[in-house]
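Visitor: let's see this in three dimensions:
(one chain, ligands or ions: 2)
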Amino acid sequence: MSRPPVLDPAVPAGPIQPRYALLINPFYPKDPNASFGKHVLTPTLALTSFAAATPEHWQVQYWDENLLDGRPPFAVMPEVVGITVHLTFAKRAFELAQWYRSRGSKVVLGGLHVLSCPEECAPYADSLAVGDGVQIWPRILADVESGCLRSKYVATYESDYRQDPAPRRSLLPRRSFLTTTSLIATRGCHNRCGFCYLATDGLRMPYRMRDPNQIAAEFLADTQPYAVFIDNNLGSNREYLRELCQALQPLNKIWSAAVSIDVTDDPTLIRAMALAGCTGVFVGFESLTDENLIDARKKTPKTADYSRRVLMLHDNGIEVNGSFVLGFDHDRKDVFTRTADWIEANRLECATFHILTPYPATPLFRQMEAEGRLLHRDWALYDTAHAVFRPKNMSPEELERGYAWIYQRLFSHASIWRRRPADWRAVAPYLAMSYLYKRSNRFWRLLIKHHLVHAAWRPLVELTRLRHVQFRAQLAASETPSRQGANVVPAGV
Ligand code: B12
Ligand code: SF4
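Guide: Ligands and ions are numbered 1, 2, ... in the order given. Presented below is the predicted three-dimensional model:
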């Protein structure tokens, strides 16, 4: 889980096959502090979204290096290789690009890192795709066919989102993910936090929504019991979320999503989410210190009110995976114990930690650069598991030690037990989820390697769905919420 497959320079490549495109999600090392299971929970939509815009006479293949199937195919060489690039795996993406280019394929690089650092990516590509791939990809393939591929294609995110085709999920290896149903209903967010990639210079991403019925149809078509919404913030537009819930409710399926905690401003919306099958939310609390949130320009309720809001979610049977950023300017050395204590006191079923990371071309990056606090620009370490800047109130080493410590504490038997749900009927599924998800990294490696991820999870997911269908029938029949909803699937990415 820490090294990519070797790209042997001596390996001879096969002939180029015209009208064959290979799409690659490059390898990235997995943080041993966190769960390996998270990486096969649900696939990124980066490649399948624009793959859906491929003309019919092109053959497309999907290859995710993180599924441990060895190096990407080369016996028959693709005419075009499309690679998605994030800063943490940019180096691997460039290695792949060089390997395929030197054997005659045309390489197109796209994704977040191409948007924020195009000059760095350009030398490794025949062409750069900056922005929305759904609009760019068919243009690129047409230009390859007519022999006039340009070095750069640019598209904004301002088109009508309802016109996009559904992601081409049929390309995905179904056995390798807990669910292949990564859904995306909206793009953008009503916030623009200074540390978020949405604040990247030049990225204009107005809040765009697909038709709720399109989403319900995609969910049905992929025939999985469970979907993960990978939207930045599914709760940004509450009226939209309510309509989406109405469209999802009749499906009798389960799902999780990332939302900001202000979604709990409206308790009736939380109930609507539960009735529509929401079993878990991934909430970016970021910090328990108001000053940090003000500095980050995050519009959010006061941290003193977080507990009441978590309880509202729990009361509707919705599990909470809290996401916390460590290393803000008002964080002192006690931030780790304070955060862990709060998570346990509020019985968060799951928590995800990130060391504050200034992504290039964001306001936070500019601030750190101006203050001379960046330690280096080795993007591979900009993975939120390493301190890449000098924190105000501790050393970078203390920040990294604290990060490792808080994961160890939250994954310990004692902490798992302390956070068990208040409703005894929910305890067994919670324990199963905790142990499978967090304490089985060795086991995950085997499941991934032998394509058993889906087979191992499927019965548990189906069981969770059945329990949830019963739970929501009870919830619908009563005015007062019951806490009993419990699930074995982790609450979102
Ligand atoms: C699903 C997901 C995951 C999954 C799968 C990751 C994977 N790479 O396989 C899991 C859970 C494993 C994961 C893990 C992590 N993730 Co993640 N993840 C996401 C998430 C929620 C959705 C990605 C997605 O499908 N987006 C939708 C697609 C359609 O958008 P897109 O990628 O921008 O692609 C479009 C264009 O960019 C373009 N395009 C993209 N690639 C290409 C290629 C070509 C050839 C072309 C033509 C076009 C093109 O076309 C697409 C359609 O318009 C995003 C947040 C988000 N909503 O985007 C975070 C996000 C990508 N993750 C992030 C991070 C930090 C991580 C972690 C490092 C966190 C951690 N510490 O655990 C890890 C490690 C992964 C890593 N090293 O990259 C950050 C990245 C920040 C940055 N600036 O790079 C994001 C943006 C979250 C955030 N708000 O900060 N993640
Ligand atoms: S609320 Fe979340 S998704 Fe929205 S800008 Fe802030 S960090 Fe990004």
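Visitor: for Ala53, grab phi and psi.
Guide: Torsion angles at Ala53 (phi, psi; degrees, to the nearest 10) stand at phi -100, psi 10.
Visitor: that one and Pro165 touch, don't they?
Guide: Yes. If you go by Cβ atoms under 8 Å, Ala53 and Pro165 touch, sitting 6.1 Å apart. C-beta here means a position set from N, CA and C on the backbone, and glycine is covered the same way.
Visitor: name the nearest residue to the residue of the stretch 201-350 of the chain found nearest ligand 1, ignoring sequence neighbours.
Guide: Across the stretch 201-350 of the chain, the shortest distance to ligand 1 (Cβ to the nearest ligand atom) belongs to Ile230, at 3.9 Å. In space, not counting the residues next to it along the chain, Ile230 is nearest to Ser182; the distance is 5.0 Å by Cβ to Cβ, 6 or more residues apart in numbering.
Visitor: is it true that the one you found touches Pro43?
Guide: Yes. With contact defined as Cβ under 8 Å, Ser182 reaches Pro43; the gap is 5.6 Å.
Visitor: more neighbours: the two, which one.
Guide: Pro43 (28 against 23; other Cβ atoms under 10 Å).
Visitor: my guess is that one is in a helix, correct?
Guide: No. Pro43: not assigned to a helix; according to DSSP: H, G, I helix; E, B strand; the rest coil it is coil.
Visitor: now it: phi and psi?
Guide: According to degrees, to the nearest 10, Pro43 has phi -80, psi 150.
Visitor: check what pLDDT it gets.
Guide: In this model, Pro43 is scored at 97, pLDDT.
Visitor: got the contact list for it?
Guide: 25, 64, 172, 177, 180, 182 (Cβ atoms under 8 Å, 6 or more residues apart in numbering).
Visitor: mind checking which helix or strand Pro32 is in?
Guide: For Pro32, there is no helix or strand it lies in under DSSP states H and E.
Visitor: wait, it sits on Arg445?
Guide: No. Pro32 is beyond contact range of Arg445, at 11.1 Å (criterion: Cβ under 8 Å).
Visitor: any common contacting residues for those two?
Guide: Residues touching both Pro32 and Arg445 (Cβ under 8 Å, 6+ apart): Met1.
Visitor: buried residues, the lowest-mean-pLDDT helix or strand in the chain. List them.
Guide: Within the chain, no helix or strand scores below helix 427-438, which has a mean of 86 by mean pLDDT, DSSP states H and E. Within helix 427-438, the residues scored as buried using 16 or more other Cβ atoms under 10 Å are 429-430, 432-434, 436-438.
Visitor: likewise stretch 131-147?
Guide: So for stretch 131-147, counting by 16+ other Cβ under 10 Å, buried means 131-137, 140-141, 144-145.
Visitor: now render those residues as CSV, adding secondary structure, distance to Ser151 and pLDDT.
Guide: Shown next, in CSV, are the buried residues of stretch 131-147 (DSSP: H, G, I helix; E, B strand; the rest coil; distance: Cβ to Cβ, whole Å; pLDDT from 0 to 100):
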residue, secondary structure, distance to Ser151, pLDDT
Gly131, strand, 15, 95
Asp132, coil, 18, 96
Gly133, helix, 16, 98
Val134, helix, 20, 97
Gln135, helix, 18, 97
Ile136, helix, 13, 97
Trp137, helix, 16, 98
Ile140, helix, 11, 98
Leu141, helix, 16, 98
Val144, helix, 13, 98
Glu145, helix, 17, 97
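Visitor: closest to His330 among those?
Guide: Set against His330, the nearest of those by Cβ to Cβ is Gly131 (35.1 Å).
Visitor: give me the nearest residue to that closest one, chain neighbours excluded.
Guide: Once flanking residues are discounted, Gly131 sits nearest to Ala155: 4.2 Å by Cβ to Cβ, 6+ apart.
Visitor: low-scoring pLDDT stretches of the chain, where are they?
Guide: Where the chain drops to pLDDT under 70, the residues are 481-493.
Visitor: and the strands in it?
Guide: 16-25, 59-64, 77-84, 106-110, 127-131, 152-155, 182-183, 186-187, 208-209, 226-229, 254-259, 278-286, 319-326, 350-355 (DSSP state E).
Visitor: can you tell me which residues in this protein are near ligand 1?
Guide: Residues of the chain lying close to ligand 1 by Cβ under 6 Å from any ligand atom are 25, 28, 31, 34, 38-39, 44-46, 49-50, 82-84, 86-89, 108, 110-112, 129, 132-134, 136-137, 184, 196-197, 230, 232, 354, 359, 383-385, 493.
Visitor: contact residues of this structure facing ligand 2?
Guide: Within the chain, the positions adjacent to ligand 2 are 189, 191-193, 196, 198, 232-233, 260, 284, 298 by Cβ under 6 Å from any ligand atom.
Visitor: of the residues you listed - the most surrounded one?
Guide: Busiest of the residues of the chain next to ligand 2 [other Cβ under 10 Å] is Asn233, holding 26 neighbours.
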